[in-house]
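K.L.:
generate coordinates for the sequence data below:
(one chain, ligands or ions: 1)
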Amino acid sequence: MNTLFPADFRWGVATAAYQIEGAVSKDGRGPSIWDTFSHTPGKTHNGDTGDVACDHYHRWADDLELMSQLGIQSYRFSVAWPRILPQGTGRVNAKGLDFYERLVDGLLARGIEPNATLYHWDLPQPLQDKGGWASRDTAQTFVAYADAVSRRLGDRVKFYATFNEPWCIAILSHEIGEHAPGFNDRRLALQVAHHVLLAHGLAMPVLRENAPKAQHGIVLNFTPSYALDDSIEARQTATLMDGTFNRWFADPLFKGRYPEDIWELYGELVPKVDDGDMAQIAAPIDFLGVNYYTRVSFGGDPGNVERTAMGWEVFPQGLRDLLLRLQRDYGVPMYVTENGAAYADNFVDGTVHDPERVRYLERHLAAVHEALEAGANVKGYYAWSLLDNFEWAKGYSKRFGLIYVDYPTQRRILKSSAKWYAELIATHRVKS
Ligand code: FCB
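P.N.:
Below you'll find the model as predicted:
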């Protein structure tokens, strides 16, 4: 198979602020819901917190050097709202903006395109104390934050994404309770989802005004849902699951409405939607960021399923199917903004050999290539993640990095996957 990618296809890596930065009290940063949550007994594996994480706040220049060495073309990072506005609103903390300015200028100096996500889950705690995303006011507050960041960084950032994974912000955090702020309330979760989508739509014109030459969009996580047999039950369950997980978030953005079947399913739990909200949410975007890790399936027998250390099924075909389906249903330019795998990597004799990760990435990239050939408008790929990092509720027990982090010494060690990725970027070709 010919797996040569187009010459202008962008190769990147992704991270998120709370997962790598550490330095949680440095230079005026305020607390976020993840500081509170990770410091609450029983919420994260081993009581792990992001207090130090990869100490990227201090080591950013070395980390950029590593990226440069690998030939990374684009870096997707997130901006920590509590560094910019320690109270969530009001006074802007110049030192917080200075950090991201140094980072962005450092990337540009190395020929790496900055791709910034404004919200990767670290809501300032003072805003949570006022209701968090359950409060409609938070949408407006987000716009002021987006304004402060994009005003300072402007067009030096080539891509702005408003949110990372609204499903996780709403459902995983407010209904399932596994992530901060850790609630178990479906009605609340659906209202949160609505406010997050609204905040996205409200921020769009502000971002365009402050960074007219940048591309603006949002990052969604998709979990494609398959029926493994023809039973009505399996098919119905798969459709409903697809609806709650995928369509509930994508349809409003591209069609200006929630999917009818799921609206009915939720009954009286549906969110309060004001006049004009849906049009605002559907403000045109330049790109959709697609995060893909696994699928779910119903009915039939999935057979001998291969899984990562997260317990997630390895299913590369899901990424091809997903990209083609998004192309068909929404027709928007796409970037794969996250894809990757955790495995039990070991540091042995000075090296970290991670053939499973290489194989995972190879197979998923072959799937991206197939989607491209079949007409999906996919413009780039970001591996999750540059570094091993704080994997939320799983703490440091799960390693997703191309680069191994020895936490006690903060030493970085290139895994074989990092070397493999560098080779791929140099040749634009994937073995499969
Ligand atoms: C995604 C998150 C990212 C990382 C990966 C493994 O849901 O966006 O921060 O934790 O999962």
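K.L.:
figure out the helix or strand that residue 117 lives in.
P.N.:
Assessed by DSSP states H and E, residue 117 sits inside strand 113-119.
K.L.:
again, but for residue 216
P.N.:
With secondary structure defined by DSSP H and E, residue 216 is part of strand 215-222.
K.L.:
and that strand, what does it pack onto?
P.N.:
In terms of contact count using 3 or more C-beta pairs under 8 Å, 6 or more residues apart in numbering; DSSP states H and E, strand 215-222 is assigned the packing partners strand 159-164, helix 166-167, helix 186-210, helix 248-255, strand 287-292, strand 334-338. Backbone N, C-alpha and C define where each C-beta goes, glycine included.
K.L.:
dump these to TSV, plus mean pLDDT.
P.N.:
Converted to TSV, the helices and strands packed on strand 215-222 look like this (pLDDT from 0 to 100):
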stretch	mean pLDDT
strand 159-164	99
helix 166-167	98
helix 186-210	99
helix 248-255	98
strand 287-292	99
strand 334-338	99
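K.L.:
just so I know, which of those lies nearest residue 429?
P.N.:
Nearest of the helices and strands packed on strand 215-222 to residue 429, taken as C-beta to C-beta: strand 334-338 at 17.1 Å.
K.L.:
one step back: tell me what the next helix or strand after the strand holding residue 216 is packed against?
P.N.:
Downstream of strand 215-222, the first helix or strand assigned by DSSP H and E is strand 225-227. Under the contact criterion of 3+ C-beta pairs under 8 Å, 6+ apart, the helices and strands touching strand 225-227 comprise helix 232-242, strand 296-298.
K.L.:
surely residue 5 and residue 372 touch.
P.N.:
Yes: shown here, residue 5 and residue 372 form a contact pair, counting by C-beta atoms under 8 Å, at 7.4 Å.
K.L.:
give the contact list for residue 191.
P.N.:
Shown in contact with residue 191 (C-beta atoms under 8 Å, 6 or more residues apart in numbering): 134, 271, 272.
K.L.:
ranking these by neighbours, who comes first?
P.N.:
Sorting these by how many neighbours each has (other C-beta atoms under 10 Å) puts residue 271 first, at 20 neighbours.
K.L.:
so what's that residue up against?
P.N.:
Under the criterion of C-beta under 8 Å, 6+ apart, the contact list for residue 271 reads 190, 191, 193, 194.
K.L.:
quick one: it and residue 136, what's the gap?
P.N.:
Distance check for residue 271 against residue 136: by C-beta to C-beta, to the nearest Å, it reads 10 Å.
K.L.:
so residue 201 sits against residue 276, correct?
P.N.:
No: between residue 201 and residue 276 no contact is recorded; they are 9.8 Å apart, counting by C-beta under 8 Å.
K.L.:
what about the closest residue to residue 144 other than its chain neighbours, how many neighbours?
P.N.:
On the basis of C-beta to C-beta, 6 or more residues apart in numbering, the spatially nearest residue to residue 144 that is not a chain neighbour turns out to be residue 89, at 6.4 Å. Using other C-beta under 10 Å as the criterion, residue 89 is surrounded by 19 other residues.
K.L.:
can I assume residue 89 sits in a helix?
P.N.:
No: judged by DSSP: H, G, I helix; E, B strand; the rest coil, residue 89 forms no part of a helix; its state is coil.
K.L.:
tell me the pLDDT at it?
P.N.:
Model confidence at residue 89, expressed as pLDDT, equals 98.
K.L.:
residue contacts, it?
P.N.:
The neighbourhood of residue 89, defined by C-beta under 8 Å, 6+ apart, consists of 126, 127, 141, 144, 145.
K.L.:
tell me which two of the residues you listed sit farthest apart.
P.N.:
Looking at the contacts of residue 89 by C-beta to C-beta, the two members farthest from one another are 126 and 144, with 13.8 Å of separation.
K.L.:
show residues contacting the helix or strand of the chain with the lowest mean pLDDT.
P.N.:
Sorted by mean pLDDT, DSSP states H and E, the helices and strands of the chain end with strand 347-348, the least confident at a mean of 91. With contact meaning C-beta under 8 Å, 6+ apart, strand 347-348 is reached by 404, 406, 413.
K.L.:
excluding chain neighbours, what is closest to residue 377?
P.N.:
What sits nearest to residue 377 in space, not counting adjacent residues and going by C-beta to C-beta, 6+ apart, is residue 333, at 5.0 Å.
K.L.:
gap between that neighbour and the ligand?
P.N.:
Separation of residue 333 from the ligand (C-beta to the nearest ligand atom, to the nearest Å): 20 Å.
K.L.:
quick check, pLDDT for that residue.
P.N.:
Each residue has a pLDDT score; the one for residue 333 is 98.
K.L.:
please apply the same query to residue 429.
P.N.:
On pLDDT, residue 429 comes in at 88.
K.L.:
who touches it in this structure?
P.N.:
For residue 429, the residues meeting the contact criterion (C-beta under 8 Å, 6+ apart) are 3, 4, 5.
K.L.:
please produce a PyMOL select command covering the buried subset of these.
P.N.:
The following PyMOL command selects only the buried members of the contacts of residue 429, with burial defined by 16 or more other C-beta atoms under 10 Å:
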select buried, resi 3+5
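K.L.:
dig out what the residue sitting nearest the centre point of the chain forms beta bridges with.
P.N.:
For the chain, residue 164 is the residue whose C-alpha lies nearest the centre (C-alpha atoms, centre = their mean; 4.3 Å). Per DSSP bridges, residues listed as beta-bridge partners of residue 164: residue 219.
K.L.:
please convert the contacts of residue 191 to JSON lines, extending it with pLDDT, secondary structure and distance to the ligand.
P.N.:
Compiled in JSON lines, the contacts of residue 191 are given as follows (pLDDT from 0 to 100; DSSP: H, G, I helix; E, B strand; the rest coil; distance: C-beta to the nearest ligand atom, whole Å):
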{"residue": "134", "pLDDT": "98", "secondary structure": "helix", "distance to the ligand": "21"}
{"residue": "271", "pLDDT": "98", "secondary structure": "coil", "distance to the ligand": "22"}
{"residue": "272", "pLDDT": "98", "secondary structure": "coil", "distance to the ligand": "27"}
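K.L.:
do you know how far the residue lying farthest from the centre of the chain is from residue 298?
P.N.:
In the chain, counting by C-alpha atoms, centre = their mean, residue 231 sits farthest out from the average C-alpha position, at 34.1 Å. To residue 298, residue 231 is 9 Å away according to C-beta to C-beta.
K.L.:
go on, residue 145?
P.N.:
Going from residue 145 to residue 298 by C-beta to C-beta gives 40 Å.
K.L.:
could you check which of these two is surrounded by more residues?
P.N.:
Counting neighbours by other C-beta under 10 Å for residue 145 and for residue 298 shows that residue 145 has the greater number, 23 against 20.
K.L.:
that concludes my questions; thank you for your assistance.
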